[in-house]
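Pasting a predicted model and its sequence here:
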Amino acid sequence: MISLLNSKDSKELDNYTIRESRISRDKLIDNAGKSIAYHIIEKTSNPFKKKILCVAGLGDNGLDAIVCSSYLNKNKVSADLLVIEPEKVNSKYLNLYVKNKYFLFTDDIKFNQYDLIVDGIFGTGLNRSIESMYLAVAKKLSSCKSILSIDIPTGIY
């Protein structure tokens, strides 16, 4: 059986890791994004011939998606980045990890043109209804065939 953590336990585990391992929050996010990217490279058939979209929301989950996109591109995997509200994302990560331009959400983005979507919209801490652009993105994602969710799929509490 696989043990699952609730959002409180997940945050406590992150804080414990930072405190006891003497690893910074930034390094923890870098490690997470890099691990997701390498998981995709190792577990996807012909990843270098696939087109991937990383979708970044707010919080650490979105930062993980930004970092993942960067590591995929560094490893010659075609990965686009959609940042839902870039003005609310820690600009340090956009400056450090985004070498190519990123997309803003519009209704004309063709999610079905991608072989894989990396869902970094919400993490385990979501405890409210999904609204506005986030709801529109979630609805578009619901019709996609291949989604890899960071932490938990968008819309699941």
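Sure, I can see it. Numbering: from 1, shown residues only.

Contact partners for the residue nearest to residue 115 when sequence neighbours are not counted?
Counting by C-beta to C-beta, 6 or more residues apart in numbering, residue 115 lies nearest to residue 50, which is 4.0 Å off, once chain neighbours are set aside. Placement of C-beta: from N, CA and C, glycine included. Taking C-beta atoms under 8 Å, 6 or more residues apart in numbering, we find residue 50 in contact with 44, 77-78, 115-116.

And for residue 140?
The contact partners of residue 140, taken as C-beta under 8 Å, 6+ apart, are 109, 111.

can you map out the helices along the chain?
For the chain, the helices defined by DSSP state H occupy 7-21, 25-43, 59-74, 91-97, 132-141.

In JSON lines: those helices, plus mean pLDDT and distance to residue 107.
Shown next, in JSON lines, are these (pLDDT from 0 to 100; distance: least, C-beta to C-beta, whole Å):
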{"stretch": "helix 7-21", "mean pLDDT": "79", "distance to residue 107": "31"}
{"stretch": "helix 25-43", "mean pLDDT": "95", "distance to residue 107": "27"}
{"stretch": "helix 59-74", "mean pLDDT": "94", "distance to residue 107": "20"}
{"stretch": "helix 91-97", "mean pLDDT": "89", "distance to residue 107": "23"}
{"stretch": "helix 132-141", "mean pLDDT": "87", "distance to residue 107": "7"}
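
give me the number of residues near residue 104?
Residue 104: 12 surrounding residues under other C-beta atoms under 10 Å.

cool, and residue 74?
Residue 74: 13 surrounding residues under other C-beta under 10 Å.

Quick check: which of the helices of the chain is nearest to residue 120?
Ranking these by proximity to residue 120 (C-beta to C-beta) places helix 59-74 first, at 2.6 Å.

so how many other residues sit close to residue 14?
Residue 14 has 16 nearby residues by other C-beta under 10 Å.

Please apply the same query to residue 110.
Considering only other C-beta under 10 Å, residue 110 is surrounded by 8 other residues.

do residue 15 as well
For residue 15, the count of nearby residues is 12 (other C-beta under 10 Å).

Repeat that for residue 55.
Residue 55: 30 surrounding residues under other C-beta under 10 Å.

my read: it touches residue 64, true?
No. Judged on C-beta atoms under 8 Å, residue 55 makes no contact with residue 64 at a distance of 11.2 Å.

okay, and the common contacts of the two?
residue 120.

sorry, back to before: from the contacts of residue 50, which single one is nearest residue 148?
Distances from residue 148 to those, taken by C-beta to C-beta, are shortest for residue 116, at 6.3 Å.

Thanks a lot, catch you later.
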